[in-house]
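Trainee: model the following, please.
(chains A, B and C)
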Amino acid sequence: MKLKYLVAGTLGAALLSTTAMAQMERGRDGNANIIYWQAASTLNPYLSGGTKDIDAASMVLEPLAHYDENGNMVPTLVDEIPTVANGGVSADLTSITWKLSEGLKWSDGTPVTSADVVFTANYCMDETGGCQQSAKFGGVKSVEALDDLTVKITFDGPKPFPYGPFVGATTPILQAAQFANCMGTAAPTCTEQNFGPIGTGPFTVTEFRANDTISLAANPNYRDPSKPAFATLTFKGGGDAAAAARSVLETGEFDYAWNLQLAPEVLADMEAKGQGTVLSGFGPLVERLMINLTDPDPKWGDERSTVAHPHPFMTDPAVRQALSMAIDRPLLVEIGYGKAGKVTCNVLPSPAIYDSPNNAGCEVQDIAGANALLDEAGWVRGADGVREKDGVRLSILYQTSTNAVRQDFQALIKQWWAEIGVETELKNIDAAVFFGGDQSSPDTFQKLYADVEMYANNFDGTDPEAYMGNWQCSEIPSPDNAWLGGNMPRYCNPDYDKLVKEMAGTADINERARLAIAMNDMLMQSYTIIPLVHRGNVAARSNTLEGVKLNVWDSDLWNVADWSRAK
Amino acid sequence: MLDAPKKPLVRVENLKMHFPIFRGVLKRQVGAVKAVDGISFDVFEGETLGLVGESGCGKSTVGRCVLRLYEVTGGSITIDGTDIATLSGADLRAKRPEMQMIFQDPQASLNPRMTVGSIISEPLDEHEHMTRDEKRAKVGELMDAVGLARRFADRYPHEFSGGQRQRIGIARALALNPKFIVCDEPIAALDVSIQAQVVNLLEDLQEKFGLTYLFISHDLSMVRHLATRVAVMYLGRLVELGDAETLYMAPRHPYTQALLSAVPNPDPAQAGHIERIILEGDVPSPANPPPGCTFSTRCPRAQAVCKQDSPAWREIGEGHFAACHFIE
Amino acid sequence: MLNFTLRRLMFTIPTLLLISFIIFLILDLAPNDPTGNLPLTIPPEVRAQIRTSLGLDEPMYWRYLLWCKQFFINEPLNLLNQWFGWCIGDCENRLRVTSFLTRSPVVDLIAERMPQTLWVVGMSYVVGVLIALPIGVISAYKQYSWFDQFGTLIAMIGFSVPTFFTGVLMIVIFSVMIPQDSMFWLPSIYDTTLKVVDWPSFVQQMRQMAMPVMVLALFNAAHISRFMRASMLDNLSQDYVRTARAKGLKEKTVLLVHVLRNSMIPVVTVIALGIPQVFGGAIITEQIFKVNGLGQLLIIGIQNSDIPLVQTLTFLFAVLIVIFNLVADVLYGLLDPRIRYD
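Mentor: Numbering: from 1, shown residues only, chains lettered A, B, ... in the order given. Now for the predicted structure:
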């Protein structure tokens, strides 16, 4: 329903813009400068997994469909997104049929056909080529051309989310004619092709200097005659995030800078110069607390932090809720991330359609409420101010990785928890060890030999199915599965597992959203995962550059065709 | 000698050379090394004046001051009627050809990156207007004069032995036909067998070109052999000056006496008669010389007056000068 | 001298082979992986495929020999083909040393970087030397004067203040504080695509070089001026200087002909030994001003475990260092008549 509406909307908008801008000429705004502080190494995203390379290539090469800034799919080289409803996806969910738009041309003037799509699939699925995006083609049995404009992708089983291949900047369409001799082991020898792919995108490569600068010019055969507004574009690489930010916000030499992971006050100071604007976009990355529902007491030996021994007090929902209520999330955002963070009460805050509206209560700190809740649950303050019940003291070991922002968070949270009568001991572990997964180390985030731990996680793409699947009973890390598995809180709820299974068999995107929200709410309302900050990407644009929409689901430069110079 | 009207070519009066001492973070001047502290003497045309003294007494400094290789602190140096102590720049350079120097270390005093030919001819470039061929011819003559084969002109100094290098140094000094040459320990760095050759060469050249020498040395017997008159120096001052024979036979100043008593006498018959005078103590620092007579701290005849008053430099005989309270 | 040079050149061959093997060994033993920088979302089996396609599953000695063949045989043959059009063997499909990261021939990448590195780092070396020599000479001649003290201060700053500080400071002054329409404004980002074809583009090139060149020149000048000063002081107190003065030479002649020429002997060799650094680029300064020369290429290669790139670059640096050591020795022999090698 929603997709259809969107498709219609985009089409309408496209129509509108073509009529409104009929007098607008391609290349009217001269040159634009983009800086990526990591330089692009190649323009063939199949040979590089790096974001910088994928983003650079996205100005030249295009997929069949891409994601907009809200994580919704938008048609690029097709007229509509295939769904079960419109018959594009087979009822048994094992195949998807894409229909290319008519009249599309490569930048060299030759027509785009389904053969190009089939070629691209074969190019990446050739095992000897070292294709870095082959995971996107996981489960693909065959890709065949039904006619000049129709491509059918068949999977080896039902695929409720069949939008892996050719959706998003990571898997664009290559021109078969250009890459014909570059299959398999020959892939790396095709320097000329990899550095100057012929594409359908708004720009074409005029000069590619690996790990340095790409010079681009407007594609004369781009499908919209009024776009792109810029005749040429320079994509400069190198330096560091601070220098890139400076070049846009302070010196005004560049129009757009990517991925500015800088301290909030540094960016704010630069932005105050008035040359440019800091943009932020939010993917699914959430800084969260994971509550250990099992007992990490060393006395249990090998059974430490396993489901064999429930936690002495974290199993009490009132305690978990009180811990969450005591946290001042807006303050954490302000101190740690500034524009690059926002308050969230969900572990799945985006894409927007998956963001649950049901948990907004956590946004305001409520120490009094937390105290009342604990009083009611029978946790009484002892002589030292720490609450206890039946000889169990609310004393917590709180671990995270070593990182300045995280240690600030630890200190603040310890103080708030002290106000509700909870004693906290802090521990920080080197990131390489904490996330390293070394079986012999007691300090990995999977073993969770602590009562609470803090880290951030997210997922690739826009589909949360695998991510939400992390908190099934079967995903609990334990010595039996070599501590693999993403269910750190050791949360186990048959109702939750049922929702995970249901999602695996559901194709309708709205229905999938309903299921994901239900799962998120289950986790949130049980307070086993306590979200803290929704972390985002930060970019900067010059105040004279218009049309930039920061997109965390696709290339930063996904809509570079729409960029223009402010008059 | 007596009948010839003696005309001083060089007259040094009250020459002073004080080197400042800088200390501390700000490099402030905290004192001065009084290397030469008020000496006067004449060098007569055609003679060789020997200047002797212990190491560090300031004799080399005197040599360099006389040629204005240092900016002197005070006094006057009149060479051939011109006071060069205050000359500078082009005027001084114009005077240079008249006065030259032969250095102690023939290795160090020759620019290692220049050939012998260019070392000798360089002053000609500067002071004479000669064609290439004229210069070549002149260099050849000079090399002949000092006993070097002309074919060595294209070689570098390091290819020669010590004696040959000193010959190069001499040839170089002669290039501008100087009247006055300061020989600063010219044989000290040479083997004994070579020393005699070089000294003989210097004597021959003096005769041939009518040169006047200031011969600085600590080798007393060599000075006796060469010098017409001898000046003795102690701690920046002259203590005695006189005709070489007189001075060697009858030294008057206690320091001269002590110095000469250390010279091995070539005549074994006389050797036993001379009593060696051993001086006690070390030479005081020229930065902080003792008050009164500078020799008073070691002088066997020192009295109270020596510690207070500096003895006057006075003539005690015909052309014989000394600075001591007790010489009549 | 010729014999000496030839003999030394002969010795460099085994030395360089050994160096190349050691570099290879170090890179191979280093605990990093070309797929290590890929996003965590790329699964392990895809990583294994990538490693296979890069040839990393071959044994170590085989990969070394392959590199040797590509570098010592294929690349020179390819150069012959490119420069003279001579085609020896299969010149179409000859396997060249290929970067993991860009999948393009490493030698081409290096050639692409040469202009900006030579312009910026080379120019900074030249400027540094040109500044350093007079400062060193005057500092020594006027030892302990205010000029000498000032020169010492500048040298101390050049030595001790890191280029990432001076570089950013200059950017803040010349790119941020000075308005962009002022003639003193300088670009903070180097445009490698700029081609000098006329006067305005030449001016543009000078402007964009100004800051990185000055930052690096300060550093180089600090180094060399101290050498120059020490060497001058050494020679100023030599007897032959006194001889020269006694000859009645002009002070300028004494200083420039006698003292300077002798003082230059060690300085020239120091300068020659420093030239490989020019080709090595200036990693930090190149990063700050986005010059993207050889230094930046090397650092990107290291960060991404691009073994062929790092191997080739480091080896070329080794070659340059060995060659310039030889050049320094030969220069010493030429300049100082006391040194004879045969």
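
Trainee: please parse chain C into its domains.
Mentor: Split into domains by automatic domain parsing, chain C comes to C:38-96, C:112-335.

Trainee: find the closest residue to chain C in the stretch 101-250 of chain A.
Mentor: Going by CB to the nearest CB, chain C is nearest to residue A:130 of the stretch 101-250 of chain A, at 2.7 Å. In this view, the C-beta of every residue, glycine as well, is placed from N, C-alpha and C.

Trainee: now for the residue lying closest to that residue once chain neighbours are set aside, how many residues are close by?
Mentor: Leaving aside its sequence neighbours, residue A:130 sits nearest to residue C:53 (CB to CB, 6 or more residues apart in numbering or on different chains; 2.7 Å). Residue C:53 sits with 23 neighbouring residues when counted by other CB atoms under 10 Å in any protein chain shown.

Trainee: check contacts around residue C:53.
Mentor: By CB atoms under 8 Å, 6 or more residues apart in numbering or on different chains, the contact set of residue C:53 is A:128-130, A:185, A:187-188.

Trainee: cool, residue A:512 as well?
Mentor: A:160-161, A:463, A:465, A:503, A:506.

Trainee: quick one, phi psi at it?
Mentor: When quoted as degrees, to the nearest 10, the phi and psi of residue A:512 stand at phi -60, psi -40.

Trainee: repeat for residue A:347
Mentor: Given degrees, to the nearest 10, the pair of backbone angles that residue A:347 has is phi -80, psi -20.

Trainee: from chain B, how far off is the nearest residue to residue A:111 once chain neighbours are set aside?
Mentor: Nearest residue to residue A:111, sequence neighbours excluded (CB to CB, 6+ apart): residue A:105, at 5.9 Å. According to CB to the nearest CB, to the nearest Å, residue A:105 and chain B sit 73 Å apart.

Trainee: just for the chain, where's the confidence low?
Mentor: In the absence of a named chain, chain A is used. Residues of chain A that meet the criterion pLDDT under 70 lie in A:1-23, A:432, A:436-439.

Trainee: that answer is for a different chain, and I need it for chain C
Mentor: Residue ranges of chain C with pLDDT under 70: C:31-33, C:35-44, C:91-93, C:281, C:341-342.

Trainee: kindly report the same for chain B.
Mentor: Counting by pLDDT under 70, chain B has low-confidence residues at B:1-5, B:265-274.

Trainee: state which helix of it is the longest.
Mentor: Ordering each helix of chain B by length in residues (DSSP state H) puts helix B:192-209 first.

Trainee: in contact with residue A:261, which residues?
Mentor: Applying CB under 8 Å, 6+ apart, the residues near residue A:261 are A:241, A:340, A:538.

Trainee: please apply the same query to residue C:317.
Mentor: C:276, C:279-280.

Trainee: so where does it fall, helix or strand?
Mentor: Using DSSP states H and E, residue C:317 sits in helix C:307-335.

Trainee: which one of the contacts of residue C:53 is nearest residue C:34?
Mentor: Taking CB to CB as the measure, residue C:34 sits nearest to residue A:130 out of the contacts of residue C:53, at 10.1 Å.

Trainee: run a quick neighbour tally on that closest one.
Mentor: Other residues near residue A:130 come to 27 when the count uses other CB under 10 Å.

Trainee: done for today, thanks.
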